[in-house]
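**Q** Any chance you could fold what I've pasted below:
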Amino acid sequence: MEKKLNIEGMKCEGCVNRIKNALSTVKGIDSFIISLEKKELILNVKKESTIQKAIAKIEDLGFEAKE
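**A** I've put the predicted structure just below:
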């Protein structure tokens, strides 16, 4: 299942790397692509619940993630 999320608060590649590191710890994410320019994240997951876990990880870093 592919899901696109808008990420508010990313300003640089450092922000992107922080999100990448956080998402790499979430089980159930098959792959993801982050675009700083578009301020979006495209997630490929097996379960809907994994999306909520990813959003929580992103928001723990101080960013806002919306479907």
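
**Q** What is the distance between the helix or strand containing residue 7 and the centre of its chain?
**A** Assigned by DSSP states H and E, residue 7 belongs to strand 2-8. The chain centroid and the centroid of strand 2-8 are separated by 7 Å, computed with CA atoms, centre = their mean, to the nearest Å.

**Q** remind me, longest helix of the chain?
**A** helix 48-60 (DSSP state H).

**Q** what about it, distance to the chain center?
**A** 7 Å.

**Q** List the buried residues for it?
**A** The neighbour-count check on helix 48-60 (16 or more other CB atoms under 10 Å) flags 50-51, 53-55, 57-58 as buried. For glycine as for every other residue, the C-beta is placed from the backbone atoms N, C-alpha and C.

**Q** Pick out the residue nearest the middle of this protein.
**A** residue 41 (5.2 Å; CA atoms, centre = their mean).

**Q** nearest residue to it other than its sequence neighbours?
**A** Counting by CB to CB, 6 or more residues apart in numbering, residue 5 is the residue found nearest to residue 41 once chain neighbours are left out, at 4.6 Å.

**Q** isn't that neighbour right up against residue 38?
**A** No. Residue 5 is beyond contact range of residue 38, at 11.0 Å (criterion: CB atoms under 8 Å).

**Q** Compare those two (neighbour count), which wins?
**A** Neighbours were counted for residue 5 and for residue 38 using other CB atoms under 10 Å; residue 5 has more, 19 against 13.

**Q** what's the closest non-adjacent residue to residue 13?
**A** residue 36 (6.7 Å).

**Q** Look up how far residue 53 lies from that neighbour.
**A** 22 Å (CB to CB, to the nearest Å).

**Q** ok, the strand holding residue 7: who's next to it in the sheet?
**A** Strand 2-8 has these partner strands in its sheet, going by DSSP bridges: strand 40-45 (antiparallel), strand 64-66 (antiparallel).

**Q** List the buried residues for the shortest one?
**A** Of the residues in strand 64-66, those with enough neighbours to count as buried (16+ other CB under 10 Å) are residue 65.

**Q** What distance do you get for residue 58 to residue 3?
**A** To residue 3, residue 58 is 13 Å away according to CB to CB.
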